[in-house]
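1. Attaching a predicted model along with its sequence, questions to come.
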Amino acid sequence: MIEKFKDSKIQRYLIGNLLICNLLIATRYAGDFEEIGASARAFGLGSANVACVSDASTIYYNPAASALLENNQIILLHSENYAGILKNDFLAYVRPQGPQTYGFGVLTNRVPNIKITKLPYPDLPPSDTNQPIVDKIVQASDWILYFNYARTLNSTFYLGGNFKFIYRSLGIGSGFGFGFDAGGVMLISPDFKVGLKINNITTSPLFWNTKSRENILPKLVFGMVKSFIVKKSNILLTTDFENSFENFSMNTNLGVEYLYNNTFALRFGLYHWNPTFGIGLSFKRFFVDYAYVSRFYQEDLGASQKFSGGIRF
């Protein structure tokens with residue numbers, strides 16, 4: 001499309017808008033396209049979920065933890081991120097079969113109503129009579145399809161992995177890719193677990209229709225969870241340590257959950273040092289969760305709200 005315009009000014013406008021689309025999804029401020037999340041419970045706990053995940057979002061948070069599930073499970077998430085700028089949905093199904101567990105999931109992010117602008121008179125510089133106008137409105141979106149396999153090695157160790165397909169569209173350009181995730185869980189004691197997840201363990205390639213290629217570098221997350229039973233209540237303390245090879249950053253996430261009678265949960269956490277809050281309800285086979293993620297250190301982005309729920313059968 002850009003080749004149709006020889007003037008450098010209009011090229012700069014188009015390239016600038018492309019960068020805006022990309023930044024909304026992929027910068028550290030808006031969150032990398034695979035880091036938006038898949039569970040309201042997890043974000044209520046500050047996203048410190050690698051060791052304590054206990055529903056079908058295991059596919060996203062730790063592919064090995066699927067082997068710990070005792071029943072078939074389905075989970076569905078919808079979230080409005082950064083004051084509603086970015087929409088995020090996740091659907092997953094996990095099916096245990098003896099020592100093996102199979103599952104699949106779909107994650108999607110969308111930034112609608114992105115305005116691509118141009119100058120009415122591209123041969124002239126911007127001025128009061130030559131202001132940028134909207135050329136078209138596009139939507140940026142990401143789709144990731146996960147295929148999960150996990151296995152119980154013994155009563156202490158669990159291993160698992162994902163194979164995933166990736167599709168990205170920035171409205172004026174698109175690309176596809178694939179990758180692998182791996183994870184492990186170790187039960188130190190009945191009330192203490194550790195977990196490890198490595199996203200894009202072999203480096204995941206993205207091939208764009210511009211004939212360019214990007215590589216998604218690995219990200220390692222190590223987590224621990226400790227629980228305490230007090231009469232009808234359960235108190236859970238969890239933490240994750242993230243190490244991203246993409247920008248060599250390290251983050252610590254923290255979470256606390258108070259669960260009464262396996263029915264009502266109250267959660268608090270710190271996600272990249274941003275406070276989070278969540279509540280959860282569980283009744284027989286059904287559960288529903290809500291989380292609020294503030295932007296204490298990134299006020300210009302706005303807060304995020306997440307809703308998820310599911311069924312065990």
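-> Yep, that arrived. Numbers count the residues shown, from 1 in each chain.
2. where do the helices sit along the stretch 51-200 of the chain?
-> Along the stretch 51-200 of the chain, the stretches classed as helices by DSSP state H, counting those that start in this stretch are 58-61.
3. got any ranges where it has weak pLDDT?
-> In the prediction, the stretch 51-200 of the chain carries no residues with pLDDT under 70.
4. in the stretch 51-200 of the chain, which spans are strands?
-> 73-81, 86-97, 100-118, 133-152, 157-169, 174-189, 192-199 (DSSP state E, counting those that start in this stretch).
5. what separates the longest one from the chain centre, distance-wise?
-> Going back to what we said before, that points to strand 133-152. Chain-centre distance of strand 133-152: 11 Å, with CA atoms, centre = their mean, to the nearest Å.
6. ok, back up a step: as JSON lines, the strands of the stretch 51-200 of the chain with distance to Lys211 and mean neighbour count would be great.
-> For glycine as for every other residue, the C-beta is placed from the backbone atoms N, C-alpha and C. Below are the strands of the stretch 51-200 of the chain laid out as JSON lines (distance: least, CB to CB, whole Å; neighbours: other CB atoms under 10 Å):
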{"stretch": "strand 73-81", "distance to Lys211": "31", "mean neighbour count": "21"}
{"stretch": "strand 86-97", "distance to Lys211": "28", "mean neighbour count": "20"}
{"stretch": "strand 100-118", "distance to Lys211": "21", "mean neighbour count": "18"}
{"stretch": "strand 133-152", "distance to Lys211": "20", "mean neighbour count": "18"}
{"stretch": "strand 157-169", "distance to Lys211": "15", "mean neighbour count": "20"}
{"stretch": "strand 174-189", "distance to Lys211": "10", "mean neighbour count": "18"}
{"stretch": "strand 192-199", "distance to Lys211": "26", "mean neighbour count": "21"}
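7. do you know which of these lies nearest Pro125?
-> strand 100-118 (13.7 Å; CB to CB).
8. so how far is stretch 110-127 from its chain's centroid?
-> Distance, stretch centre to chain centre, for stretch 110-127: 31 Å (CA atoms, centre = their mean).
9. same for the helix or strand harbouring Phe287, what does it pack against?
-> Per DSSP states H and E: Phe287 is located in strand 286-293. The elements that strand 286-293 packs onto, with contact taken as 3 or more CB pairs under 8 Å, 6 or more residues apart in numbering; DSSP states H and E, are helix 40-44, strand 264-271, strand 274-283, strand 304-312.
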